[in-house]
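K.L.:
all I have is the shape, not the residue letters:
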């Protein structure tokens, strides 16, 4: 852009306005300002040339120079707003995002199959009026064995290899360890009925195989009342089986032995794969083992604070992993603790 040296204001005005109209960016507008309006610009030099004019021309010329400077300043500000608005619109258009496009998928987690089945089992029993009772993972020998009718020399202790923390404390080997705690905390010194389920992890020092692990989940059930009978136990378990495995499900009770129940039973359900016709999973019997149960032993009731001559109860315990393996046709319990995403992603 040329800088005029003469005093022809009309020519200067025409040149300046053409230059201003040609400025189409902030950079070009800045160059116009430096050439015309800055302290070293053309209008400033015109003002400095007033002193070289005859005295009678100075006032009129100075007035015209000031008018030119004011007009260029006003036009400059207007042009700057136009360019600023246009450049903002261009930047917004260049940086725009199409909000109608679907978002990028984000990886989402899911519940573990053991958690899913555990919640479903607890929901079934809660619908039947049972409350959830949490008991400690670290138990005393008394709560885990002694108060459940398993003294130090009882042969039933040979059935469980235990993780001892010291001579008195251990990792619970079954959720049955919480039975005494539930009766003592909720039974009102043997004056109130109790109806609870006790979920949680159990620990046993076993060989890790396709069917056994050193840790596993159990759900223990306990109901204590004045007129509880074996038929009540069967009714509760039949209702549980039908709510969890289907309305046509059946149960079978077989005599068994547990030190904390008398009489004791093993409870089977119709094979969920073959419907009772016999298959390799049920070993052609048509039945699958579900859980162990029985009437609470009088010694256990007494240890819980109840008079066994007036109060009776039933208890049952089931392994959650066994239900998971049956339901989802998984043949190796180790998969449930291996954190293999190929397995876990199937349960989203």
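P.N.:
Good, I have the coordinates. Remember, it's a predicted structure, so these values are computed and weren't measured experimentally.
K.L.:
residue 203 bridge partners, please.
P.N.:
residue 215 (DSSP bridges).
K.L.:
wait, it sits on residue 177?
P.N.:
No: between residue 203 and residue 177 there is no contact under Cβ atoms under 8 Å: 11.0 Å. Using the backbone N, CA and C atoms, a C-beta is placed for each residue, glycine as well.
K.L.:
out of those two, which sits in the more crowded spot?
P.N.:
residue 177 (27 against 19; other Cβ atoms under 10 Å).
K.L.:
which SS state does the more buried one fall under?
P.N.:
helix (DSSP: H, G, I helix; E, B strand; the rest coil).
K.L.:
please work out how many residues are found near residue 176.
P.N.:
Residue 176: 28 neighbours (other Cβ under 10 Å).
K.L.:
same check on the one 4 residues further on?
P.N.:
The number of residues packed near residue 180 is 23, by other Cβ under 10 Å.
K.L.:
doesn't it fall inside a helix?
P.N.:
Yes: per three-state DSSP, residue 180 lies within a helix segment.
K.L.:
wait, isn't it in contact with residue 147?
P.N.:
Yes: proximity of residue 180 to residue 147 meets the contact threshold set by Cβ under 8 Å, at 4.7 Å.
K.L.:
any common contacting residues for these two?
P.N.:
Jointly contacting residue 180 and residue 147 under the rule Cβ atoms under 8 Å, 6 or more residues apart in numbering are 300, 303-304.
K.L.:
a markdown table for those residues, including distance to residue 136 and neighbour count?
P.N.:
Output for the shared contacts of residue 180 and residue 147, formatted as a markdown table (distance: Cβ to Cβ, whole Å; neighbours: other Cβ atoms under 10 Å):
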| residue | distance to residue 136 | neighbour count |
| --- | --- | --- |
| 300 | 18 | 25 |
| 303 | 17 | 21 |
| 304 | 17 | 26 |
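K.L.:
now these in CSV, with distance to residue 52 and pLDDT?
P.N.:
Formatted as CSV, the shared contacts of residue 180 and residue 147 follow (distance: Cβ to Cβ, whole Å; pLDDT from 0 to 100):
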residue, distance to residue 52, pLDDT
300, 121, 96
303, 120, 95
304, 118, 95
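K.L.:
thank you kindly, that will do.
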